[in-house]
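J.: heads up, no residue letters with this:
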């Protein structure tokens, strides 16, 4: 079922995503990556997947601090969205 959804929901926005997305180092860079998804959950997930694939530690050990920084940025983003009144957990940007 997941494969069926992937092919129909947001396939145009998925095709428009760059294949390689640099790992964001700041919150504004993370916001830019999340905006690539156009607000669609599937496209945002795919954008983050491409960031993680391109910065995998098996590619370069130097990617480890980049991924740690990305984890902190994502947690801060989630914390800010959850702290909003009312919580805006469905939003990405």
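T.: Alright, I've got the coordinates. Source: prediction; values computed, not measured. Numbers count the residues shown, from 1 in each chain.
J.: all helices for the protein, in order.
T.: Using DSSP state H, the helices of the chain run over 2-8, 11-16, 27-36, 41-54, 63-83.
J.: can you add mean pLDDT and give the ones you listed back as TSV?
T.: What follows is the helices of the chain, written out as TSV (pLDDT from 0 to 100):
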stretch	mean pLDDT
helix 2-8	44
helix 11-16	74
helix 27-36	94
helix 41-54	94
helix 63-83	94
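J.: mean neighbour count added to the ones you listed, as CSV?
T.: (C-beta placed from N, C-alpha, C; glycine too.) Written out in CSV, the entries for these read as follows (neighbours: other Cβ atoms under 10 Å):
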stretch, mean neighbour count
helix 2-8, 9
helix 11-16, 13
helix 27-36, 16
helix 41-54, 17
helix 63-83, 13
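J.: skipping adjacent residues, who's closest to the residue most central in space within the chain in space?
T.: Nearest to the mean C-alpha position of the chain, counting by Cα atoms, centre = their mean, stands residue 48 at 3.0 Å. Taking Cβ to Cβ, 6 or more residues apart in numbering, and ignoring the residues beside it in sequence, residue 48 has residue 33 as its nearest neighbour in space, at 7.2 Å.
J.: could you do residue 55 as well?
T.: What sits nearest to residue 55 in space, not counting adjacent residues and going by Cβ to Cβ, 6+ apart, is residue 23, at 4.1 Å.
J.: and for the one you found, the neighbour number?
T.: Around residue 23 there are 18 other residues, counting by other Cβ atoms under 10 Å.
J.: list the contacts of it.
T.: The neighbourhood of residue 23, defined by Cβ atoms under 8 Å, 6 or more residues apart in numbering, consists of 51, 54, 55, 63, 66, 67, 69, 70.
J.: looking at this structure, which residue reaches furthest from the middle?
T.: For the chain, the largest distance from the centre (Cα atoms, centre = their mean) belongs to residue 85, which lies 23.2 Å off.
J.: quick check, pLDDT for that one.
T.: Looking at residue 85, its pLDDT stands at 78.
J.: does the residue nearest to residue 48 really touch residue 24, like I thought?
T.: Yes: with contact taken as Cβ atoms under 8 Å, residue 33 and residue 24 are classed as touching, separated by 5.3 Å.
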